[in-house]
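Chemist: A structural model of the following input is requested.
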Amino acid sequence: MAAVDDAVHVAAGAKHRDRFGRRAPATVFALVGVALLAGGLAVPARDTLLFAWGGTALFVALFVGLVAADPTVPATVAGDIHTAATARARPDDASPPRYVPTGSGVRLASGGEPVGVRLLAGVRTDDEGDETPATRAATLVDAVVNHLELAERAAASVHESSAELTAQSRLATDELYDHPVASVFAVGMAQTVDRPVTVESAVSDDGLVVTCRWDGDDVPDADARGADGPTVGGPDR
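Modeler: All right, here's what the predicted structure looks like:
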């Protein structure tokens, strides 16, 4: 088998990106639209058709300019980056991650801020202080699917001292320590029950399964919130 010249492939990829990525397609559509409108003025017999095409091209230029104004990172790339980062941050022991509520938020028992804290910062609810574990689970399912778009669909069930989320995650699930989907659910539940939450994650045929468990003996306040709740289903996307 012939050797592969990596430098050639890197250069070819860069040229491909320059041709289709860095040259703003909005500009191309805008120029085509102007040309078609000018053609409609120059050829009155075809003005209706050319004006329609020109207007469509200008609309596409505006749409592409608004949607593709900023570069985006594919979910697979973000998942690979997160996998590498969490692998370096994983504690030496194999114990499941534990999310501990503090006066200023939620921290990992092994140290550091969970990724779920930052992800949930923009999806708070006005009545968060009055939420029960069941209603909080519904909010978290909606956040994971619709706001953060971390999963195609998700569903959660809440019990007296535990909650379970099953999600079709858009991110890689090979590295499960503080996985974004699990972290969002665990942080939200820890905030609501105001107790340390231990998380076990696994991958099944239904997707990523995140199980959160909390114990009333973990904190002095034995009356911390916790109640049975119905199964919460997330919308399919």
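
Chemist: do you know the pLDDT at the residue lying closest to Leu208 once chain neighbours are set aside?
Modeler: Closest residue to Leu208 apart from its sequence neighbours, by Cβ to Cβ, 6 or more residues apart in numbering: Ser169 at 4.5 Å. All C-beta spots, glycine's among them, are computed from the backbone N, C-alpha and C. As predicted, Ser169 sits at a pLDDT of 89.

Chemist: these two touch, right, Arg153 and Gln168?
Modeler: Yes - Arg153 is in contact with Gln168 according to Cβ atoms under 8 Å; the separation is 5.2 Å.

Chemist: ok, now which ones touch the residue nearest to Leu208?
Modeler: Going by Cβ atoms under 8 Å, 6 or more residues apart in numbering, Ser169 touches 150-151, 179, 181, 207-208.

Chemist: which strand residues bridge it?
Modeler: Beta-bridge partners recorded for Ser169 (DSSP bridges): Ala151.

Chemist: any figure for the gap between it and Ser161?
Modeler: 25 Å (Cβ to Cβ, to the nearest Å).

Chemist: what sits against the residue in the chain sticking out farthest from the centre?
Modeler: Most distant residue from the mean C-alpha position of the chain: Ala45, 51.6 Å away (Cα atoms, centre = their mean). Going by Cβ under 8 Å, 6+ apart, Ala45 touches no other residue.

Chemist: and the pLDDT at Arg118?
Modeler: Predicted confidence (pLDDT) for Arg118: 87.

Chemist: tell me what whichever strand or helix holds it is packed against?
Modeler: Element membership of Arg118, judged by DSSP states H and E, is helix 115-120. Under the contact definition 3 or more Cβ pairs under 8 Å, 6 or more residues apart in numbering; DSSP states H and E, helix 115-120 sits against strand 105-108, helix 180-193.

Chemist: just name the most buried of these.
Modeler: Mean neighbours per residue, mean count of other Cβ atoms under 10 Å, is largest over the helices and strands packed on helix 115-120 for helix 180-193, with a mean of 28.

Chemist: and the gap between Glu152 and Ala182?
Modeler: 16 Å.

Chemist: please apply the same query to Val210.
Modeler: Val210 is 4 Å from Ala182, where distance means Cβ to Cβ.

Chemist: which residues do those two both contact?
Modeler: With contacts taken as Cβ under 8 Å, 6+ apart, Val210 and Ala182 have 165, 199, 201 as neighbours in common.

Chemist: per-residue confidence at the last one?
Modeler: As predicted, Ser201 sits at a pLDDT of 90.

Chemist: counting neighbours, what do you get for it?
Modeler: Counted with other Cβ atoms under 10 Å, the neighbours of Ser201 add up to 23.

Chemist: dump the residue contacts of it.
Modeler: 96, 173, 176, 179, 182, 208-211.

Chemist: phi first, then psi, for Val32.
Modeler: Backbone torsions of Val32, given as degrees, to the nearest 10, read phi -60, psi -40.

Chemist: out of everything not next to it in sequence, what's closest to it?
Modeler: Counting by Cβ to Cβ, 6+ apart, Val32 lies nearest to Ala57, which is 4.6 Å off, once chain neighbours are set aside.

Chemist: check contacts around that neighbour.
Modeler: Contact analysis of Ala57 by Cβ under 8 Å, 6+ apart lists 29-30, 32-33, 36.

Chemist: can you say which helix or strand has it in it?
Modeler: Going by DSSP H and E, Ala57 is part of helix 47-67.

Chemist: filter the contacts of Ala57 to the buried ones?
Modeler: Using 16 or more other Cβ atoms under 10 Å as the burial test, these include 29-30, 32-33, 36 as buried.
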